[in-house]
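Enquirer: Attaching a predicted model along with its sequence, questions to come.
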Amino acid sequence: MKNRFKISSDDKEYATWLGNRLWEQADAILKRSNVCSFKDGVCEKGKKDGCCWDCGHLSPTGCTTRSLTCKFWMCSGEFPSSCNKEMRILRRVKDQAGFYFYGRETMKQQIEWTLQRIECNE
Ligand code: SF4
Ligand code: SF4
């Protein structure tokens, strides 16, 4: 099957565009679905600031960057049924594009690592 989303190592503009669109879509879906059921700054697992605790990107007004990892990670492994289908589609696009990340990096770092990894595999 033709891969419409694949990033080329020399196309930073597309990688950045797609990374931002994926982040925005995921953010809107997760907010709408109230995935972690935050109440007074505590998530449904009882963690203050949820998965953001101790993160250098966390400010009093929230996250100061766009990290794709954080949008596609869920402590239970699966997103709830209210958004699982949509998130699986986004995850597939992300995987087909070749994005590479694993932690609380900034979007800029994730784009750079993705392009380097793709270049190594070309
Ligand atoms: S993903 Fe993180 S913030 Fe969300 S419920 Fe699980 S531990 Fe809490
Ligand atoms: S980078 Fe991730 S863990 Fe850190 S504040 Fe932003 S969303 Fe939370």
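Expert: Yes, it's here. Ligands and ions are numbered 1, 2, ... in the order given.

Enquirer: alpha carbons only for contacts and neighbour counts from here, please
Expert: Will do.

Enquirer: partner strands of the worst-scoring helix or strand of the chain on mean pLDDT, parallel or antiparallel?
Expert: The weakest-scoring helix or strand in the chain, judged by mean pLDDT, DSSP states H and E, is strand 62-63 (a mean of 92). Using DSSP bridges, the strands paired with strand 62-63 are strand 58-59 (antiparallel).

Enquirer: Relative to the whole chain's centre, how far out is the partner strand?
Expert: 17 Å (Cα atoms, centre = their mean, to the nearest Å).

Enquirer: Tell me which residues are up against it.
Expert: Cys52, Thr64 (Cα atoms under 8 Å, 6 or more residues apart in numbering).

Enquirer: That one and ligand 1, any residue contact?
Expert: No: against ligand 1, strand 58-59 shows no contacts by Cα under 6 Å from any ligand atom, the least distance being 13.1 Å.

Enquirer: Report the rounded mean pLDDT for that strand.
Expert: What strand 58-59 shows for mean pLDDT is 96.

Enquirer: what does stretch 85-94 give?
Expert: 96.

Enquirer: If we go by neighbour counts, what in that stretch is buried?
Expert: Glu86, Met87, Leu90, Arg91, Val93, Lys94 (16 or more other Cα atoms under 10 Å).

Enquirer: Against Cys63, how distant is the residue of the chain found nearest ligand 1?
Expert: Evaluated by Cα to the nearest ligand atom, the chain has Gly50 as its residue closest to ligand 1, separated by 3.5 Å. Per Cα to Cα, to the nearest Å, Gly50 is found 12 Å from Cys63.

Enquirer: what about the chain, any weak spots by pLDDT?
Expert: Where the chain drops to pLDDT under 70, the residues are 1.

Enquirer: With adjacent residues omitted, what lies nearest to the residue of the chain closest to ligand 1?
Expert: Leaving aside its sequence neighbours, Gly50 sits nearest to Cys43 (Cα to Cα, 6 or more residues apart in numbering; 5.3 Å).

Enquirer: Is it correct that the one you found is in contact with Cys36?
Expert: Yes: with contact defined as Cα atoms under 8 Å, Cys43 reaches Cys36; the gap is 5.5 Å.

Enquirer: Next to ligand 1, which bits of the chain? Give me the list.
Expert: Cys36, Cys43, Glu44, Lys45, Lys47, Gly50, Cys51, Met74, Cys75.
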